[in-house]
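K.L.:
Build me a structure from this.
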Amino acid sequence: MGKENPSLQDGETDKEGSAKAVRGPGRRLHGAIAHKLGMAILSGQYQPGDTLSGEVAFAEELEVSRSAYREAIQVLTAKGLVESRPKAGTRVLPRNRWNLLDPEVLAWAFAGEPDVQFVRDLFELRAIVEPAAARLAAQRRDKDDLKIMKDALAAMRRHTLATEAGRAADRDFHNAILNATRNDALLVLTASIGAAVNWTTQYKQRARALPRNPIPDHVRVYDAIAAGDPVAAAEAMGVLVDLALEDTASAMGG
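P.N.:
Reported below is the predicted structural model:
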């Protein structure tokens, strides 16, 4: 392939592209192959229109069975990344066909260096969805919703967003807001928004610590929702997303 192969372990690289990486612990084999290929596509190693190596050649290169490779291709097909046709092989589809909000696709995108425009696209989505969700949550939340948000804030303070536990709490906070909207259409976005929050937060801490503490921004959102103030909740969430974009843009060098 000419470039370092993405590892089949989350967040690592395998310079040798060895079969051992494909058989990494905790992954079913075809899932590991899908992970490898997905990272290669999202990183631009394979471009839209490119044809992947043939089934036999790829299986031999990775020292895996042809059936495992075929199952991996089915995973990528389901996510809109590739299509396979008899005799024509497996081709990478145009980017506008990719299911970019699939949490696993988001993970592949951020496993390497994510595309700057894609990161901005994610924040534009968040800026549209999350302030509106906070507005609805302020009108519809109940005591259980508020408890989940408050517990998540406490965990974020305790662990900080530099840890996986802290980022999990951050996801819980944002998920609780979407749940509090009582809107089934918005709830479909819960996993995608949660994944976007997690990966952008993790990404902007790769080279350095967070430039500021974002937890007070979350507290202002919680306070407005708890007070039942939809306007203040939407405004506070809008500020939170805008500041998160600034932090991420800074981490990406502008």
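
K.L.:
Any buried residues in stretch 80-95, and which?
P.N.:
For stretch 80-95, burial by neighbour count (16 or more other CB atoms under 10 Å) applies to 80-82, 90, 92-93. C-betas here are computed from N, CA, C, even on glycine.

K.L.:
ok, of these, which one's closest to residue 236?
P.N.:
residue 80 (34.7 Å; CB to CB).

K.L.:
where does the closest one land in three-state SS?
P.N.:
Secondary structure, DSSP: H, G, I helix; E, B strand; the rest coil: residue 80 is coil.

K.L.:
just checking, it touches residue 94?
P.N.:
No - applying CB atoms under 8 Å as the test, residue 80 and residue 94 come out as separate, 9.5 Å apart.

K.L.:
Pipe the buried residues of stretch 80-95 into TSV and attach pLDDT and distance to residue 108 per row.
P.N.:
Listed next are these as TSV, based on pLDDT from 0 to 100; distance: CB to CB, whole Å:
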residue	pLDDT	distance to residue 108
80	97	13
81	98	9
82	97	13
90	93	17
92	97	13
93	98	15
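
K.L.:
right, and the pair among those residues with maximum separation?
P.N.:
Longest span within those, CB to CB: 80 and 90, 13.3 Å.

K.L.:
Tell me where the stretch 151-254 of the chain has helices.
P.N.:
Assigned by DSSP state H, counting those that start in this stretch, the stretch 151-254 of the chain shows helices spanning 164-180, 184-187, 190-203, 215-226, 230-251.

K.L.:
Packing partners of the last one?
P.N.:
For helix 230-251, the helices and strands in contact under the criterion 3 or more CB pairs under 8 Å, 6 or more residues apart in numbering; DSSP states H and E are helix 116-140, helix 190-203, helix 215-226.

K.L.:
Would you single out the least confident of these?
P.N.:
Of all those, the minimum mean pLDDT falls on helix 190-203 (a mean of 89).

K.L.:
can you pull the buried residues of that helix?
P.N.:
For helix 190-203, a neighbour-count test (16+ other CB under 10 Å) marks 190-201, 203 as buried.

K.L.:
Closest one of the buried residues of stretch 80-95 to residue 228?
P.N.:
Nearest to residue 228 out of the buried residues of stretch 80-95 is residue 80 (CB to CB; 40.4 Å).

K.L.:
which residues sit in contact with that closest one?
P.N.:
Neighbour list for residue 80: 93, 97-99 [criterion: CB atoms under 8 Å, 6 or more residues apart in numbering].

K.L.:
Next step: those residues restricted to helices.
P.N.:
Among the contacts of residue 80, no member is found in helices (DSSP state H).

K.L.:
Dump these into JSON lines; add distance to residue 179 as well.
P.N.:
Formatted as JSON lines, those follow (distance: CB to CB, whole Å):
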{"residue": "93", "distance to residue 179": "33"}
{"residue": "97", "distance to residue 179": "30"}
{"residue": "98", "distance to residue 179": "27"}
{"residue": "99", "distance to residue 179": "23"}
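
K.L.:
Give me the buried entries from those residues.
P.N.:
Using 16+ other CB under 10 Å as the burial test, the contacts of residue 80 include 93, 98 as buried.

K.L.:
wouldn't residue 238 be in contact with residue 131 here?
P.N.:
Yes - counting by CB under 8 Å, residue 131 is a contact partner of residue 238 at 4.4 Å.

K.L.:
So which of the two has more stuff around it?
P.N.:
Higher neighbour count among residue 238 and residue 131: residue 131, with 20 against 17, using other CB atoms under 10 Å.

K.L.:
Now do the helices in the stretch 1-150 of the chain.
P.N.:
Ranges of helices within the stretch 1-150 of the chain are 19-22, 29-42, 55-62, 66-78, 103-111, 116-140, 143-159, based on DSSP H, counting those that start in this stretch.

K.L.:
Would you tell me which of those gets closest to residue 185?
P.N.:
Nearest to residue 185, of all the helices of the stretch 1-150 of the chain, is helix 116-140, at 10.5 Å by CB to CB.
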